[in-house]
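**Q** how would this look folded up:
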Amino acid sequence: MIAREAEGFLYVVSSLGVTGTRSEITTDLASIVGAVRRNSDIPCAIGFGISTPQQARNMAGIADGVIVGSAIVKLLAEYGTDAPGHVGEYVKAMKDAIS
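**A** This next block holds a predicted model:
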């Protein structure tokens, strides 16, 4: 029902619980994305717990996009004013993994 009414893109939550980095994502996301695609032609992106290049690669193989938030916030908290370079390197590694 949500997929039929959604506009722009649909944010697919990778796992139940609170946001944050995860060492492993075990949800059957291919089935969820399949259900979205059967009901809508809008893009879907997976987020919630994506923190490693390998996870990004896996999610990009299932969905149209990957959303990363908490891992970047963690870098900001860790490096403070020195964070931009670290965030840039991290984002580049994630982008390279899905290219």
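
**Q** make it CA atoms for all contacts and neighbour counts henceforth
**A** Will do.

**Q** Flag the shaky bits of this protein, pLDDT-wise.
**A** For the chain, the stretches with pLDDT under 70 are 15-27.

**Q** how about the helices of it, start to end?
**A** Secondary structure of the chain, counting by DSSP state H: helices at 2-5, 29-39, 53-60, 70-79, 83-98.

**Q** Could you identify which of the ones you listed is most buried?
**A** helix 53-60 (a mean of 19; mean count of other C-alpha atoms under 10 Å).

**Q** for that one, packing partners?
**A** If you count contacts as 3 or more C-alpha pairs under 8 Å, 6 or more residues apart in numbering; DSSP states H and E, helix 53-60 packs onto strand 65-66, helix 83-98.

**Q** what would the ones you listed look like in JSON lines with distance to residue 48?
**A** Putting the helices and strands packed on helix 53-60 into JSON lines (distance: least, C-alpha to C-alpha, whole Å) gives the following:
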{"stretch": "strand 65-66", "distance to residue 48": "9"}
{"stretch": "helix 83-98", "distance to residue 48": "15"}
